[in-house]
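J.: Starting from these lines, generate the structure:
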Amino acid sequence: MTKRLLTIPTLSLLPWSLRGELVSQTERAEAFQQNLDTQFWPLTDPWVPSVIEMVDVALRSYIMTPAGEPKLTNPEEVQEAIRNLKVSKAPSSNDIPNRAWKHFPQRAVSLLVQIFNASLLIHHFPTISSTLV
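T.: Next up, the predicted model:
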């Protein structure tokens, strides 16, 4: 895509003159419009409206479908995620270093699982402003 864009001849709007003659802003704008008209054109393919309608129908059905029960997590999934943390990476917005996560006791992991699952069930996801600092 980038190489193609670089090979398309474009009209520079920077020069104050064109072929040695002074060019007004209106003339430069018209030249720019003509240049764009030669490079771009509206889609007139007959299949485009049908694709748009198909996407609209799919989106409407997705939006109107009631959400099912969320997939709850379990302690094993959380422990696996903690095991896969890299200790050399910077902490996230909670400022808990990854090395500290790796030393969390099992009881703390179980509490995290309960908090995650409760958030999923009541559809409430705490933001930074609503967490204790």
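J.: my guess is K86 meets P97, correct?
T.: No: counting by Cβ atoms under 8 Å, K86 does not reach P97; the two are 11.1 Å apart. C-beta here means a position set from N, CA and C on the backbone, and glycine is covered the same way.
J.: Mind checking which of the two has more residues around it?
T.: Comparing K86 with P97 by other Cβ atoms under 10 Å, the one with more neighbours is P97, at 15 against 8.
J.: Can you check the pLDDT for that one?
T.: Model confidence at P97, expressed as pLDDT, equals 90.
J.: Pull the contacting residues for it.
T.: V87, P91 (Cβ atoms under 8 Å, 6 or more residues apart in numbering).
J.: how does it look with 6 Å?
T.: P91 (Cβ atoms under 6 Å, 6 or more residues apart in numbering).
J.: From R83, how far out is the residue nearest to the spatial centre of the chain?
T.: In the chain, the residue lying closest to the centroid (Cα atoms, centre = their mean) is L59, at 18.0 Å. Distance of L59 to R83, given as Cβ to Cβ, to the nearest Å: 38 Å.
J.: Repeat that for R28.
T.: R28 is 61 Å from R83, by Cβ to Cβ.
J.: So between these two, which is more surrounded?
T.: Using other Cβ under 10 Å, the more surrounded residue of R28 and R83 is R28, with 17 against 9.
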